[in-house]
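> predicted model, plus sequence, below.
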Amino acid sequence: MNKDNQVLVELKNITKRFGEVVAIDKVNLKVHKGEKVAIIGPSGSGKSTLLRTINFLEKIDEGQIFFEGKEVGYVFKRNKRVLDKPKKICALRSEIGMVFQHFHLFPHLTVIENVMEGPRTVLKKNKQEAKSIALDMLKKVGLLDKKNVYPACLSGGQKQRVAIARALAMKPKLMLFDEPTSALDPELVGEVFEAIKKLAQEGMTMIIVTHQMGFAREMADRVIFMEHGRFLLEAKSKEFFSSSLENPRIKSFLQKILD
């Protein structure tokens, strides 16, 4: 698929610290509209933290974030970096969907009510509009028949697909997936990846943190290996899984994770 030349999101020299620990160390990244980027690497390398900075769930210490060419997220007050006004951050998050390792569904709401919540409360859609959006998104992830059940009645794979539908209901321009199958039993992984793959085929821009190398190889346009808060290697998917074996560190990682 040809990618749009437009850079949708850009990170410049992003640094994030937790006390003395540097979780993200001067990371630079450009993601073009329609591109699918997979980020892999060992646990504790900063992958999930990086996603959370893009969605402003973690505050950066240094650097800049650009969305559609405009610097976003932060302002300076008295020479100190602070998050922008809550209303502006909320508006940005509505354009950047995020699916977590755990589903975070509202247990007291039915499936369709979970998916309607964002359009109703954030986008200010009326009930009928929100319901129409929710039905469309549930159909997209193959769960229309579960619309009136509660999360407790769903499998882990179904819960994650509801979480994807909920994020999509906000009509985001970018989707972030933080190890979306890590909490699932192995036999449930496929149904979630099929839902994500369908989005990829439809042209959704996405960044996925995953340990599923087969999925990264098949779905991603570009693969990034991250370690110690830095990008160690970045390449097109086919090149990564062939040429990366020349890098001893990545060769070791892939051998362990693929065994």
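Great, that's in hand. Residues are numbered from 1 along each chain as shown.

> farthest residue from the center of this protein?
residue 78 (32.7 Å; C-alpha atoms, centre = their mean).

> mind checking how far it is from residue 64?
19 Å (C-beta to C-beta, to the nearest Å). All C-beta atoms are positioned from the backbone trio N, CA, C, and that covers glycine.

> show the residue spans covered by the strands in the stretch 1-150 of the chain.
Under the criterion DSSP state E, counting those that start in this stretch, the stretch 1-150 of the chain contains strands at 7-18, 21-32, 36-40, 62-67, 70-71, 74-77, 80-83, 96-99.

> to residue 172, which of the ones you listed lies closest?
Evaluated over the strands of the stretch 1-150 of the chain, closeness to residue 172 peaks at strand 96-99, with 3.6 Å, by C-beta to C-beta.

> quick one: neighbours of the nearest residue to residue 84 once chain neighbours are set aside, just the number.
Nearest residue to residue 84, sequence neighbours excluded (C-beta to C-beta, 6 or more residues apart in numbering): residue 75, at 5.4 Å. Counted by other C-beta atoms under 10 Å, the residues lying close to residue 75 total 12.

> ok, what's across the strand from residue 75?
Residue 75 forms beta bridges with residue 82, as assigned by DSSP bridges.

> residue contacts, it?
Applying C-beta atoms under 8 Å, 6 or more residues apart in numbering, we find residue 75 in contact with 81-84.

> please apply the same query to residue 183.
101-103, 156, 160.

> same list, these, but as a markdown table with neighbour count, pLDDT and distance to residue 195 please.
Below are the contacts of residue 183 laid out as a markdown table (neighbours: other C-beta atoms under 10 Å; pLDDT from 0 to 100; distance: C-beta to C-beta, whole Å):
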| residue | neighbour count | pLDDT | distance to residue 195 |
| --- | --- | --- | --- |
| 101 | 16 | 81 | 16 |
| 102 | 14 | 82 | 17 |
| 103 | 21 | 80 | 13 |
| 156 | 17 | 89 | 13 |
| 160 | 29 | 91 | 8 |
